[in-house]
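1. dropping the sequence and predicted coords here.
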Number of protein chains: 2
Amino acid sequence: MSDCKNNNIFLVGLMGAGKTTIGRLLARRLDMTFIDSDHEIEARTGATIPWIFEIEGEASFRRREADVIRELTSSRGIVLATGGGAVLDPASRALLAERGTVIYLRASVSSILQRTAHDKNRPLLQTADPRRKLEDLTAQREPLYREIADIVIDTGRPNVQSMVQTILDQLAEQASAHARSNAKATMNEQACISLNVELGDRSYPIAIGRGLLDDASLLNRHIGGSGKVAIVTNTTVAPLYLDKVAAPLRAAGREVVPIVLPDGEEYKNWESLNLVFDALLANKCDRKTTLVALGGGVVGDMTGFAAATYMRGVPFVQIPTTLLAQVDSSVGGKTGINHPLGKNMIGAFYQPRAVIADTATLDTLPARELAAGLAEVIKHGAILDAGFFDWIEANIGKLVARDHAALAHAIARSCEIKADVVARDEREGGLRAVLNFGHTFGHAIEAGMGYGAWLHGEAVGCGMVMAADLSHRLGLIDAAAVARVRALVQAAGLPVVAPDLGIDRWIELMEVDKKNEGGAIKFILLKPLGSPSITNAPREQLEATLKASVGAPSS
Amino acid sequence: MSDCKNNNIFLVGLMGAGKTTIGRLLARRLDMTFIDSDHEIEARTGATIPWIFEIEGEASFRRREADVIRELTSSRGIVLATGGGAVLDPASRALLAERGTVIYLRASVSSILQRTAHDKNRPLLQTADPRRKLEDLTAQREPLYREIADIVIDTGRPNVQSMVQTILDQLAEQASAHARSNAKATMNEQACISLNVELGDRSYPIAIGRGLLDDASLLNRHIGGSGKVAIVTNTTVAPLYLDKVAAPLRAAGREVVPIVLPDGEEYKNWESLNLVFDALLANKCDRKTTLVALGGGVVGDMTGFAAATYMRGVPFVQIPTTLLAQVDSSVGGKTGINHPLGKNMIGAFYQPRAVIADTATLDTLPARELAAGLAEVIKHGAILDAGFFDWIEANIGKLVARDHAALAHAIARSCEIKADVVARDEREGGLRAVLNFGHTFGHAIEAGMGYGAWLHGEAVGCGMVMAADLSHRLGLIDAAAVARVRALVQAAGLPVVAPDLGIDRWIELMEVDKKNEGGAIKFILLKPLGSPSITNAPREQLEATLKASVGAPSS
């Protein structure tokens, strides 16, 4: 069971089991907000549930219901009564189980028949033989309710108040048991955070927290269905986490196909991708197979692209194990491989079904890679959230020391900021360019030094200092802001002095950046710290920045 | 100029030029229907244009406008007044130019200022200096209006009635000039047909007709923008049509990159795809490059997949040059390549911007390939449109003799039927399976005989006869319907006697079909002719069909 309950209570069970009545009373006793998902759907559509069934059909209603559940479960401190069929959707089940304490109100067919007689607002019961229908529904749904229930309450007893008291008692008991288990496992005290990336029917959740991979059922819930699972990872990550991820899936009866690729950016190519296809085909993986990316950015990009193109698209789930992958590639849907003539030249925009970021995986990450991930965290604050930048400054010591609460917050806020940009510009039409802050200079460093000499995050870190310097020279920010960016990048363990490539080579390298249009270099600058400005720069100021960055180390 | 005018008149020009007033009068005089695209947008959204600009922004309004224009231009016999900025969208320009006679009402800035004073319903003019704004708009849009105009009318003169008379005179003059040019070029009398594939923001037009590649501006209009154009074709098609397609693009000032691949299904693999990527990168093609697929199904599938994945997606246009590609792969968005372990195993769903099917390219098609294309035409009738099946029966002689009007109708109706299925099930969730009528048996023939021995269409033709036979044995259709299917397939020049693979091998081959679920073979059968039924079949009847199809030739 995950810790990530967000202080919510979710009521599940068949129609007529009393979810709304009991939910209201529970919310009153616990001083929480009560929400009924059916009412929420009716309020949003301006139509009654039976009308939606009649006009749009059940499948459309289920989509609306899944959307509402995805959104509502990301709240905190609510009591939510769900529709009887909400558990049919695997993603909804995963979110309910993860984001609240699930109470299954179990009722007999006879008692439901008694309560729902003549209730025209129950669309699925508009049938000739309601008892038969209810028995079928029970048979179908009972296992799904039980699968996610923390507490099962039999609603046979007549007194609603005493039933509520029973629930309150059981909740208290669970809470104290939980406190005891936490006292034993202090490493596990870390709260977990659950976010949504809102992209219409391609929306997906991100779970962030310490020890999520220890939750045996979390991944299985997010995969859904009963298809095979192909776990794509590399030779470095496999010995650390492959068994941990595969074992619970196998225990749940799934066929797991492990695919271990060589480690390194130099293997992000067609040959490695083909190893994935070969393994999928050799193991007779069909369209219901889910691909799981277990590793850093290279594994994520390649697995995502394999998922986008295997049999024209199969589902995939990301388990990023580096800070860079957790804060950056887990949001945005960019997948792909390199071509000998250019990085990431072949790929697709393809969204995962879910992202699971276990901060415990950062314990094994080399310090240099941790710093590289922090570069993207700093970027998100610098370019879009001055308050977050302040927070990073105040907590950079904790972040470098791998304090898990600080890391979880940094990851969550980075994902939120990036998700907001991506939601507004999924396919990189315009706004998304601001995420390239520091990258124009950074790409030049990577290419100029030879790929691999500097980590991408290191080049971006130094590139942000250079972009801040240029922003100041163009009068967009003051000198104090430049100093803050430089100090923070340095405190993160990143380089702040640029390599001396020579002015002409610098400019030549920046001119080939694939985001340029019509030859002019497009810079993402700060105006002020916390806000982006997309602009060209006069040659004179650009050269001044290059000279200052190369020649004058700040410390 | 294309012939495909659908008997429509489209009015373009700046706001205040008089499009609505003149359009109404024209429609009355010509007894046509008048539609104002702005009114249509307001009616659909329930909001005024200024409100849409205010709340959603101009980009969103332009998308709504492009949608409305795409739909309205597919009507026949309308007079359409477009919004002043409708021509900004390249796809809208292409459709306006293609689907009607475009009249540009040209007005001076002063006269517009006079007419629009105090009209709050003109969102772009809510600015401090309306004259300056109007002058800018004129400079920006005048070339776009002229680009697509068949007739330019200066609206300076005061009398509206006399202006309408001038337009009527010019229309009459154009009509008679057109009749004269047709008398000279009898080969060009064929009407052209323009359809839409409706897939929301991925909708696209299909133009079908004889001599479309002779229209120097048609392709250029559909590509839009000013980016490079990479034409992907093969060694067989290049000598026939590459120059014809490339020359007008070059004449319009575009950089054209020809990419000629080896011809044949055996080259539908990663190595050929990589030749495309190599050429794109070597020629510094950026994200604004459009890929054009010039050839049959293999070229279309590979070019579409290259477009789907080059820099995570660039636009592409299909120019199918085989009947199979024109009736089948031009609708549906299926792209991909083969893997040594399976056909079409790696790919993506990716829609073209437009499809241009010139029936003149069928003149050079080998008879066997023409017949293979007719298999899919027959399939569309048999499975979804009994009336179309009747029409094919009545016209099969003309189709085999390559009568262009008959071919154009067969292609158009096939595309319509398939587009309707795809619109309801873009990513092959369920309904789309009916398009596999004849394919379960057909795939077994292709695999059993070794790929390439039978053409795909030949195998499907024979497979349809077998599926009809099985339908009859299961009591779904009568013997007369089976005889009709067999006779039509035979008349198309396709085989109706199946190869003798042996019962066990037949069943083994059908069991590996990638659409099966849980081991049982899923058949698409007829119930009755013209309607699909998806079902399993008892072994006894299946064996009877196999024995009968192999042993007893019908003629």
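-> Nice, thanks for sending it over.

2. leaving out the residues flanking it, which one is nearest to A:Ile55?
-> Closest residue to A:Ile55 apart from its sequence neighbours, by CB to CB, 6 or more residues apart in numbering or on different chains: A:Ala47 at 7.5 Å. Yep, even glycine has a C-beta here, placed from its N, CA and C like the rest.

3. just checking, that neighbour is part of a helix?
-> No. Counting by DSSP: H, G, I helix; E, B strand; the rest coil, A:Ala47 is not found in a helix; it is coil.

4. neighbours around it, how many?
-> Here the number of neighbours of A:Ala47 (other CB atoms under 10 Å in any protein chain shown) works out to 15.

5. now do the phi/psi pair for it.
-> phi -140, psi 150 (degrees, to the nearest 10).

6. how about A:Ala498?
-> Torsion angles, degrees, to the nearest 10, at A:Ala498: phi -80, psi 150.

7. that one reaches A:Leu546, doesn't it?
-> Yes. In this structure, A:Ala498 is within contact of A:Leu546 by CB atoms under 8 Å, at 7.4 Å.

8. any idea how far chain B is from A:Leu384?
-> 20 Å (CB to the nearest CB, to the nearest Å).

9. which one is that residue nearest to, not counting chain neighbours?
-> Closest to A:Leu384 by CB to CB, 6+ apart is A:Ile417, at 5.2 Å.

10. just A:Glu543 next, same as before
-> A:Ile503 (5.8 Å).

11. where exactly do the helices run in the stretch 451-555 of chain A?
-> Under the criterion DSSP state H, counting those that start in this stretch, the stretch 451-555 of chain A contains helices at A:456-473, A:479-491, A:503-511, A:539-551.

12. ok, the residue nearest to A:Glu543 - how many residues close by?
-> Residues lying near A:Ile503 (other CB under 10 Å) number 14.

13. what does the one 5 residues further on give?
-> Other residues near A:Glu508 come to 14 when the count uses other CB under 10 Å.

14. same thing with A:Ala459?
-> The tally of other residues near A:Ala459 (other CB under 10 Å) stands at 29.

15. list the contacts for it?
-> Shown in contact with A:Ala459 (CB atoms under 8 Å, 6 or more residues apart in numbering or on different chains): A:Phe441, A:Gly442, A:His443, A:Ile445, A:Glu446.

16. interface residues of chain A facing chain B?
-> A:270, A:274, A:277-278, A:281-282, A:286-287, A:305, A:308-313, A:334-336, A:339, A:341-342, A:344-349, A:427-428, A:514 (CB under 8 Å from any CB of the partner chain).

17. what about the residues you listed, which are in helices?
-> Among the residues of chain A next to chain B, the members falling in helices (DSSP state H) are A:Trp270, A:Asn274, A:Phe277, A:Asp278, A:Leu281, A:Ala282, A:Phe305, A:Ala308, A:Thr309.

18. ok now stretch A:313-322, how far from the chain's centre?
-> 10 Å (CA atoms, centre = their mean, to the nearest Å).

19. and that stretch, average pLDDT?
-> Stretch A:313-322 carries an average pLDDT of 96.
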